[in-house]
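Student: got a predicted structure plus its sequence, pasted below:
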Amino acid sequence: MKKFISTCICLLLFTGAFASDPVEKTFLILFDKAELKANKTSTAYIELSLMNIFKTKAYAGNSDAAILVKVPFGNIDKRQLGDFFIRVNASRITPLEEIALQIIDMDENRAIFNAMYLGLEEKITKSKRGNKPSKDIATP
């Protein structure tokens, strides 16, 4: 009985020690400046709807209008984020996907980029091996 209890306690300690934190996902939401202007809103105003739930950072200026959103749990995808209702202006509430030009999953894109980079790196190393001059003995 003592072995059973000590085994259970050790198991609980090890699972608690090796438990991983929930995966954080990052999304980039791009907006069309002309559409924002037509709706009389800005990225900062839209960010107010999301900042109570997620970590956000709005970007505006000479470049594209964008909001960077960090979701503390990894089970949300682009479609689910687009379904969130946001306040566009003082009189209009709409799903995010209707006002956003594009929602980009940065973690998914990072994985695709890494896979493409590794494939390119393998091609380069194979071509370097194939281009090495052979060390044949020259015959007179």
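Tutor: Right, received. Where do you want to start? Numbers count the residues shown, from 1 in each chain.

Student: pretty sure Phe54 is touching Ile67, no?
Tutor: No. Phe54 lies out of contact with Ile67 (CB atoms under 8 Å); the separation is 9.6 Å. C-beta: built from backbone N, CA, C; applies to glycine.

Student: have a look at the two and say which one is more surrounded.
Tutor: Taking neighbours as other CB atoms under 10 Å, Phe54 and Ile67 compare with Ile67 leading, 24 against 20.

Student: who's in contact with that one?
Tutor: Ile67 makes contacts with 28-29, 31, 43, 46-47, 50, 56-59, as judged by CB atoms under 8 Å, 6 or more residues apart in numbering.

Student: just to be sure, Val88 is in a helix?
Tutor: No. With DSSP: H, G, I helix; E, B strand; the rest coil as the criterion, Val88 is assigned strand and is not in a helix.

Student: can we start the residue count at 38 from this point?
Tutor: New numbering, starting at 38: the last item is Val125.

Student: isn't it right up against Thr78?
Tutor: Yes. The pair Val125 and Thr78 qualifies as a contact (CB under 8 Å) at a distance of 5.0 Å.

Student: name the residues contacting each of those two.
Tutor: Ile136.

Student: need the residues that contact stretch 105-116.
Tutor: 59-66, 87, 91-96, 118, 134, 140-142.

Student: looking at those residues, which are in helices?
Tutor: Among the contacts of stretch 105-116, DSSP state H puts 87, 118, 134 in helices.

Student: export these as a markdown table, with columns for distance to Arg147 and pLDDT.
Tutor: Formatted as a markdown table, the ones in helices among the contacts of stretch 105-116 follow (distance: CB to CB, whole Å; pLDDT from 0 to 100):
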| residue | distance to Arg147 | pLDDT |
| --- | --- | --- |
| Leu87 | 21 | 90 |
| Leu118 | 17 | 91 |
| Glu134 | 22 | 93 |
